[in-house]
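[1] Provide a 3D model corresponding to the input given below.
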Amino acid sequence: MSPIGRVFIVLNLLLAGGFVVVSGTHLQKQHNWKSKFEAEKKAHDDDVTKLTAESKRLESERNTFENAKTANETQLGESKRANSLLEDENKRLSQQLATMEGDVKKLLAAAEAANTEMKSAFSQSKAAYDMAIADQKVKDDAVRAKDAAEAENRGLKNEIAGLKSTVDTRDGSIKSLETEKSQLSLLVKVAEANGFLRSMAAPNLSGLVTTAAGNLVTIQITDNPGNVDIKAEIERAKWGFAIYDASGYKGEAYPERYEASANAILCKVGLLKGGAIREGDKAATKTP
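    Numbers count the residues shown, from 1 in each chain. Down below sits the predicted model:
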């Protein structure tokens, strides 16, 4: 039974009880039962009318409440179903989120690994680039060195060719000189057989004795009219200076070494006739 029905029952019981109490009271006091009854009946009718109206109102409210309850229950069911759907959707989304989080973690791990590999690859590529630059520099240096070596080789070949030509020319000249030397040696021997002395072939030189110590003297050359190579002449043959002063001839001095910086000749005294040789004495290879 609904709460409103129970309310009506209680009201009816209360009204009935009230009626019994009122009737008993009136009967006990011996009032005019008819007038009281009529009055009571009228009051009762009024109460019944009121109660009926109230009952109808309550019935209407109950119906409205029932309708509202039904609507609320329907809405509650819809809400429960919607909530259930939302819970299912929430579970699905939670699972999807968990899957996405796992995928994101995998992607982050893969990205980190890729970043590490990229850094390693960049380091390797930079090292390879630096090595390539160094190799290119070495290659360029090698090419330049090769070009320089080839140029130097060509220069050396040209120089060798020139030297070879010079050597060939010199060899020809040496052979010619050797032939001439043989001929001259033969002529010298013939001349010596006829009384020629080698000292007679001395270059025309004049000078002064600058130092005299024992059998060594130094002659400063003062006149070389033929501008001869004194060192070559000393190496070529043996010849000597005649040493003299105002008193006359003193002896012979034979060259040992020529000092070009002083234009002087160190000589060894080989013949002494007219006294000791002193500084200031004159020397000449050919005397008047």
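
[2] now the helix or strand containing Gly17: mean pLDDT?
    For Gly17, the enclosing helix or strand under DSSP states H and E is helix 3-28. Taken as a whole, helix 3-28 carries a mean pLDDT of 79.

[3] tilt between whichever helix or strand comes after that helix and helix 3-28?
    Sequence-wise, the next helix or strand downstream of helix 3-28 (DSSP H and E) is helix 33-193. Put simply, helix 33-193 runs at 160 degrees to helix 3-28, going by axes from the mean of the first three to the mean of the last three Cα atoms, to 10 degrees.

[4] how distant is helix 33-193 from the center of its chain?
    On the basis of Cα atoms, centre = their mean, to the nearest Å, helix 33-193 sits 24 Å off its chain's mean C-alpha point.

[5] related to what we said a few turns ago, determine the set of other helices and strands touching the helix holding Gly17.
    If you count contacts as 3 or more Cβ pairs under 8 Å, 6 or more residues apart in numbering; DSSP states H and E, helix 3-28 packs onto helix 33-193. Quick note: C-beta positions are derived from backbone N, CA and C, even for glycine.

[6] Name the SS class of Pro255, please.
    strand (DSSP: H, G, I helix; E, B strand; the rest coil).

[7] pretty sure it contacts Ile234?
    Yes - counting by Cβ atoms under 8 Å, Ile234 is a contact partner of Pro255 at 4.7 Å.

[8] higher neighbour count, those two?
    Comparing Pro255 with Ile234 by other Cβ atoms under 10 Å, the one with more neighbours is Pro255, at 22 against 18.

[9] which residues does that one bridge with?
    Per DSSP bridges, the residues bridged to Pro255 are Cys267.

[10] so where is the stretch 51-200 of the chain shaky, pLDDT-wise?
    Within the stretch 51-200 of the chain, the stretches with pLDDT under 70 are 167, 174, 177, 180-200.

[11] Recalculate using a threshold of 50.
    Across the stretch 51-200 of the chain, the ranges flagged by pLDDT under 50 are 188, 191, 196.
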